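Asker: Dropping a prediction and its sequence here:
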Amino acid sequence: MSSQLKIAPPLVGNIRGSFAYTTVKDRWPKIVTKVVDQLHRKYHDLVKEVNEQAGKDATYIISKISEMRYRMETNKPLLDFEPTDSHFVELNAELKKLRAEYGGDEKVTFYDAPWLFSECYLYAKLHEFVLATETLKTYDIFAEEKKKAYDDSLAQITAISVELVDWEADPQTDVKAAILRLIQVALWGNKCDLSLSCGDPHQMAGNMFNQLDSFRHTILADDIDAAVEHLATKCAGRTLHVVLDNSALELFTDMALAEFLVARGLVKDVVFHGKSYPWFVSDVTANDYNWVLQSLADNENQAVSTIGKRWQRRPEFSFRHADFWTTTHSYWDLKSKAPMLFDELKSSALTIFKGDLNYRKLVADRDWPYDIDLKFAVQSMSEIPFFALRTLKAETVAGISQKSLDVIKAKYESTDKSWMFSSDWAVAQLNLP
Ligand SMILES: O=P(O)(O)OC[C@H]1O[C@](O)(CO)[C@@H](O)[C@@H]1O
């Protein structure tokens, strides 16, 4: 255990050379510009398919995004939200607290506020702009990219569906080996993230699925064997929660693991937690969840459509989108802000937290010493049995052993932090209270 049990400072966007800085300076402008371009392209279709007002609404969203991009690029203070619903009222309260803590409005900007806060603020603002329209309130500005990502991963989806169906038919299936494989598939499914690639189709993790063993050494904290044991022997009759990350292939891989566990009676049921509005480009909303299941069901491949139709009707699967997941809070605040949800996760068999943002929120997006004790870094979340499956896409991590750090040291200069955000390295960390 690290000797330095001190709360580390949060990551911020104003440190030149950091990935957070590059994100604020280059990646966010690129992400929002793509939305603007897409709305420009869609303008005539919207007018034709909805009405004149939809065209005006698109123009409104474009102008609000352009204004926000200007404020981002010139490091202006973060503006309040229109207090049109309780979510925005709460966000304003958080802004107020932060301004008091940082010594004034001028200090809480895109670059200078904690990176986690300003990044969540950005997606909440995009939601505010859409909600303020008359005709586009339910319009998903990232839907097109998510659908394309799904289409681009059909080969992998088909291969995994065939495997699932084969395992079912085979009485000799080695249950633990199958769980081991599906966990790794779900882990590397997290490589396909449209926020990291700024909405461009990301290099698919899919071809990794055939060579999982050769990537195992890139898992810097690897509790997969313990997690297999836990899932195979300790969870029967109990609920598994999966706090989802990205739609398309990653959602499919998460559901494939859940399918195997439910079908084998190893867990009672599975609750998938998604987002209540478009978030970090590719995160799963209820619409995405339903769209992916429908697309699977409609697929011409027999195995894929069998799986899709089954998931549409599986009584053991449910999808929820608690408001807490789209707040600016780290998960340190789950216990106080959403106590019922906290208690539910605490008494469940296991909660799988997928992906980078969930991990950032677990460890409060702080600049921890890499070997800091994970239980300390997650604070009250250590009361919850969880399994964090994440490829590294941000400069925060905890619970890394000296042995793994030596591997990194041998490959990277001490000033080169790219291993922390390239998504080539991963962690699979199990916390059992
Ligand atoms: O989809 P994931 O794995 O949560 O990744 C999203 C992450 O990627 C990034 O866009 C990379 O900066 C982060 O902003 C965010 O933490």
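Answerer: Arrived safely, thanks for sending. Numbers count the residues shown, from 1 in each chain.

Asker: Around the ligand, which positions in this structure sit nearby?
Answerer: For the chain, the residues found near the ligand under the criterion CB under 6 Å from any ligand atom are 23, 119, 190, 193, 195-196, 245-246, 280, 355-357, 360, 393-394. Where you see a C-beta, it was placed from the backbone N, CA and C, and this is true even at glycine.

Asker: let's see 8 Å
Answerer: If contact is defined as CB under 8 Å from any ligand atom, the residues of the chain in contact with the ligand are 19-20, 23, 27, 119, 190, 193-196, 245-246, 250, 280-283, 354-360, 390-391, 393-394, 421, 423.

Asker: Among those, which are located in strands?
Answerer: Among those, the residues falling in strands (DSSP state E) are K354, R390, T391.

Asker: ok, the nearest residue to the second one once chain neighbours are set aside - contacts?
Answerer: The reference is to R390. Setting aside the residues directly before and after it, R390 is nearest to Y359 in space (CB to CB, 6 or more residues apart in numbering), at 4.2 Å. Under the criterion of CB atoms under 8 Å, 6 or more residues apart in numbering, the contact partners of Y359 comprise F353, A388, R390, A394, T396, V397, V427.

Asker: can you tell me which of the residues you listed lies nearest to N75?
Answerer: A394 (20.5 Å; CB to CB).

Asker: which residue is nearest the centroid of the chain?
Answerer: The chain has D245 as the residue nearest its centroid, 3.0 Å off, counting by CA atoms, centre = their mean.

Asker: and L341, how far is that from R314?
Answerer: With distances taken as CB to CB, to the nearest Å, L341 is found 22 Å from R314.

Asker: Same list (the ones in strands among the residues of the chain next to the ligand) but as a markdown table, adding pLDDT and neighbour count.
Answerer: Output for these, formatted as a markdown table (pLDDT from 0 to 100; neighbours: other CB atoms under 10 Å):
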| residue | pLDDT | neighbour count |
| --- | --- | --- |
| K354 | 98 | 28 |
| R390 | 98 | 26 |
| T391 | 96 | 25 |
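
Asker: Mind putting those into CSV with distance to V32?
Answerer: Shown next, in CSV, are those (distance: CB to CB, whole Å):
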residue, distance to V32
K354, 25
R390, 25
T391, 24
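
Asker: give me every residue that touches the spatially closest residue to the residue nearest to the centre of the chain that is not a sequence neighbour.
Answerer: Counting by CB to CB, 6+ apart, the nearest residue to D245 once its immediate chain neighbours are dropped is G355, at 3.0 Å. If you count contacts by CB under 8 Å, 6+ apart, G355 has them with N190, D193, D245, N246, E250, L389, R390, T391.

Asker: likewise R313?
Answerer: Going by CB under 8 Å, 6+ apart, R313 touches no other residue.

Asker: Next, count neighbours for the one residue in the stretch 1-150 of the chain that gets nearest to the ligand.
Answerer: Proximity of the stretch 1-150 of the chain to the ligand (CB to the nearest ligand atom) peaks at T23, 5.0 Å away. The burial metric for T23, expressed as a neighbour count using other CB atoms under 10 Å, is 25.

Asker: and it, what pLDDT?
Answerer: The predicted structure scores T23 at 97 on the pLDDT scale.

Asker: That one touches E119, doesn't it?
Answerer: Yes - the criterion here is CB atoms under 8 Å, and T23 meets it with E119 at 7.4 Å.

Asker: Poorly predicted segments of the stretch 301-433 of the chain, please.
Answerer: Residue ranges of the stretch 301-433 of the chain with pLDDT under 70: none are present.

Asker: Now do the helices in it.
Answerer: If you assign secondary structure with DSSP state H, counting those that start in this stretch, the helices in the stretch 301-433 of the chain sit at 302-313, 334-337, 339-346, 355-362, 374-378, 402-411.

Asker: Work out the gap between stretch 242-254 and the centre of the chain.
Answerer: 8 Å (CA atoms, centre = their mean, to the nearest Å).
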